[in-house]
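1. turn this into a model:
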Amino acid sequence: MTTNTPDKLQKNPLIRLLLTAAGILSTALGILGIFLPVLPTTPFLLLAAACFLRSSPAFHQWLLEHPHLGRYIHYYLDGKGIPRKAKIYTLTVLWLSISVSIIMVPLWPVRLLLVVIASCVSVYIIRQKTLEPPSLPEKLS
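-> Next comes the predicted model:
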């Protein structure tokens with residue numbers, strides 16, 4: 001992701017304030033998305049980075065350099081994909097939470113909608129490139 005340049009920063013202070021607020025809200029939603037399987041993480045963090053790019057160099061830098069949140073942005077922008085472990089975890093939590101929701105919701109149209117949403121999210125996650133861990137060097141004999 002590019003660094004802030006003077007031409008990228010919004011000049012209007014009210015718009016900068018609104019962009020900063022939108023960036024903070026998007027960051028919070030992205031963090032929630034780590035724990036809530038139906039809420040996406042990466043799109044919210046990308047939106048936050050875009051808002052901060054135009055409003056707050058300090059927040060933008062903090063987000064990109066954050067040890068946990070920054071990697072979501074870098075993996076996506078670099079086209080590296082999603083780590084296999086994260087895919088498995090996400091799909092497991094997604095289907096467990098959807099299953100509990102289906103049991104608790106008595107209306108069959110809502111149950112059907114939950115299955116459709118979970119299926120679409122699953123297809124999206126599965127189709128994303130899988131980030132393979134770096135291979136270990138072979139042992140020296």
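2. ok, the helix or strand of the chain at the bottom of the mean pLDDT ranking: who's next to it in the sheet?
-> When each helix and strand of the chain is scored by mean pLDDT, DSSP states H and E, strand 82-83 comes last, with a mean of 76. Note on strand 82-83: by DSSP bridges, its sheet partners are strand 130-131 (parallel).
3. what residues does the partner strand touch?
-> 75, 80-84, 87 (CB atoms under 8 Å, 6 or more residues apart in numbering). (C-beta placed from N, C-alpha, C; glycine too.)
4. also stretch 17-31?
-> 10, 39, 41-45, 47-49, 51-52, 54-56, 59, 63, 69, 72.
5. buried subset of those?
-> Applying 16 or more other CB atoms under 10 Å to these, the neighbour count classes 10, 41-42, 44-45, 47-49, 51-52, 54-56, 59, 63, 69, 72 as buried.
6. quick revisit: quick check: ChimeraX command selecting the buried ones in the contacts of strand 130-131.
-> The following ChimeraX line selects those of the contacts of strand 130-131 that are buried, judged by 16+ other CB under 10 Å:
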select :75,82,87
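7. ranges for the helices of this protein?
-> Secondary structure of the chain (DSSP state H): helices at 13-35, 42-55, 57-65, 69-78, 84-104, 108-127.
8. hey, least reliable of those by pLDDT?
-> Here the lowest mean pLDDT among the helices of the chain goes to helix 69-78, at a mean of 80.
9. buried set for it?
-> Those would be 69-73, 75-76, for helix 69-78 by 16+ other CB under 10 Å.
10. let's have these in JSON lines, adding distance to residue 19.
-> Listed next are the buried residues of helix 69-78 as JSON lines, based on distance: CB to CB, whole Å:
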{"residue": "69", "distance to residue 19": "18"}
{"residue": "70", "distance to residue 19": "19"}
{"residue": "71", "distance to residue 19": "23"}
{"residue": "72", "distance to residue 19": "20"}
{"residue": "73", "distance to residue 19": "17"}
{"residue": "75", "distance to residue 19": "24"}
{"residue": "76", "distance to residue 19": "20"}
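11. out of the residues you listed, which one sits closest to residue 114?
-> residue 72 (25.2 Å; CB to CB).
12. wait, the closest one sits on residue 45?
-> Yes: in this structure, residue 72 is within contact of residue 45 by CB atoms under 8 Å, at 5.1 Å.
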